[in-house]
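Colleague: sequence first, predicted coordinates after that:
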Amino acid sequence: MGNRLTKIYTRTGDDGTTGMADGSRVSKADAIFVVMGDVDELNAHIGMILAQIAALEADKAQRFTAISDSLSTVQHLLFNIGGELAMPEYKGITESHISWLESEIDTFNQDLPALKDFILPAGSRLVSQVHIARTVCRRAERQAVNLQQISGQAISANALKLLNRLSDWLFVLSRYCAKVEGSKEVLWDKTILDKFSS
């Protein structure tokens, strides 16, 4: 790819449209840009997880090396989803990517205690950030399904599968991060709301 970002602002989007790879102009309110925006937001949250890990003390950060590598891979996969949305002929997500995520889920999960209660999206700063990414991923998936219903050719089946699997990966990752950093998971406690009982 050549130097395409020679000028950041072009003024061509001032009318509320943006250019697609095929040269067409599409409204910025189009469903395809809702998905692009959610995927971009998700990628930024993944970046924040990486930043949280990088800010740990050296001995703790070292325990997250494999996780950081996986997070970087996920960022590139999300970028590829954006590429698919912008260029329908581009195929950036394959079954092998989905299989890799499934393998990661299985690997993380085998080292975790069985779930006996619901987990709240809370805990340490790092774990909470992973939960935020998970919820944004769920939203991205919902919008991607909506886009598929509007225009079946606008998003690939593999991209949808990846988003679905990625939210599962992030859930398991939140638990795995708590284990690696030695923090406690926050469990749902049905007795907490007993104080409102008459």
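Modeller: Arrived safely, thanks for sending.
Colleague: by contact count, what packs against the helix or strand bottoming out on mean pLDDT in the chain?
Modeller: Least confident helix or strand of the chain, by mean pLDDT, DSSP states H and E, is strand 17-19 with a mean of 74. With contacts defined as 3 or more CB pairs under 8 Å, 6 or more residues apart in numbering; DSSP states H and E, strand 17-19 has these neighbours: strand 25-27. The way it works is simple: take the backbone N, C-alpha and C, and place the C-beta from them, glycine included.
Colleague: who does the least confident helix or strand of the chain pair up with?
Modeller: Strand 17-19 sits in its sheet next to strand 25-27 (antiparallel), going by DSSP bridges.
Colleague: CA atoms of the helix or strand following the strand it pairs with as PDB?
Modeller: Using DSSP states H and E, the helix or strand that follows strand 25-27 towards the C-terminus is helix 31-54. Extracted in PDB, the C-alpha atoms of helix 31-54 (Å, rounded to 0.1, in the frame of the first residue of the first chain):
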ATOM      1  CA  ALA A  31     -25.600   1.100   8.900                       C
ATOM      2  CA  ILE A  32     -22.200   0.100   7.600                       C
ATOM      3  CA  PHE A  33     -20.500   3.000   9.400                       C
ATOM      4  CA  VAL A  34     -22.300   2.200  12.600                       C
ATOM      5  CA  VAL A  35     -20.600  -1.200  12.500                       C
ATOM      6  CA  MET A  36     -17.300   0.400  11.400                       C
ATOM      7  CA  GLY A  37     -17.500   2.800  14.300                       C
ATOM      8  CA  ASP A  38     -18.300   0.100  16.800                       C
ATOM      9  CA  VAL A  39     -15.400  -2.100  15.600                       C
ATOM     10  CA  ASP A  40     -13.100   0.900  15.700                       C
ATOM     11  CA  GLU A  41     -14.200   1.700  19.300                       C
ATOM     12  CA  LEU A  42     -13.700  -1.900  20.200                       C
ATOM     13  CA  ASN A  43     -10.200  -1.800  18.800                       C
ATOM     14  CA  ALA A  44      -9.400   1.300  20.900                       C
ATOM     15  CA  HIS A  45     -10.600  -0.500  24.000                       C
ATOM     16  CA  ILE A  46      -8.300  -3.400  23.200                       C
ATOM     17  CA  GLY A  47      -5.500  -0.900  22.900                       C
ATOM     18  CA  MET A  48      -6.400   0.400  26.300                       C
ATOM     19  CA  ILE A  49      -6.100  -3.100  27.700                       C
ATOM     20  CA  LEU A  50      -2.600  -3.400  26.200                       C
ATOM     21  CA  ALA A  51      -1.800   0.000  27.800                       C
ATOM     22  CA  GLN A  52      -3.000  -1.200  31.200                       C
ATOM     23  CA  ILE A  53      -0.800  -4.300  30.900                       C
ATOM     24  CA  ALA A  54       2.200  -2.200  29.800                       C
END
